[in-house]
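1. Give me the fold of what follows.
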Amino acid sequence: MKKSENTTKSAKKNVFHTCLGRSEYAALEPLVPLIWSQLVPVYKHLKTIQDCRSKRWISARAKQES
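-> Have a look, this model is predicted:
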């Protein structure tokens, strides 16, 4: 297999947004506002965070409901 095929195959196995490889948070980006709006009522101290990178990082690591 070519290197790009191996990379694609490996990337498709990733289920956690934090392991998206080169695309970083591309798949998570549209979901950040939804996830963030669910986190803030539970964790009041998150209201003070304004940086978009921090919000993406926290949203990517939030526990996902199954």
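2. Buried residues of the lowest-mean-pLDDT helix or strand in the chain, list them for me.
-> Ranking every helix and strand in the chain by mean pLDDT, DSSP states H and E puts helix 3-13 at the bottom, with a mean of 74. Neighbour-count burial for helix 3-13 flags no residue at all (criterion: 16 or more other CB atoms under 10 Å). To be clear about C-beta, it is placed using only N, CA and C from the backbone, and glycine gets the same treatment.
3. Now A62: phi and psi?
-> For A62, the backbone dihedrals (degrees, to the nearest 10) come out as phi -70, psi 140.
4. Isn't it up against V40?
-> No - using CB atoms under 8 Å as the test, A62 is too far from V40 to be in contact (11.2 Å).
5. So which residues of this structure form helices?
-> 3-13, 32-42, 52-60 (DSSP state H).
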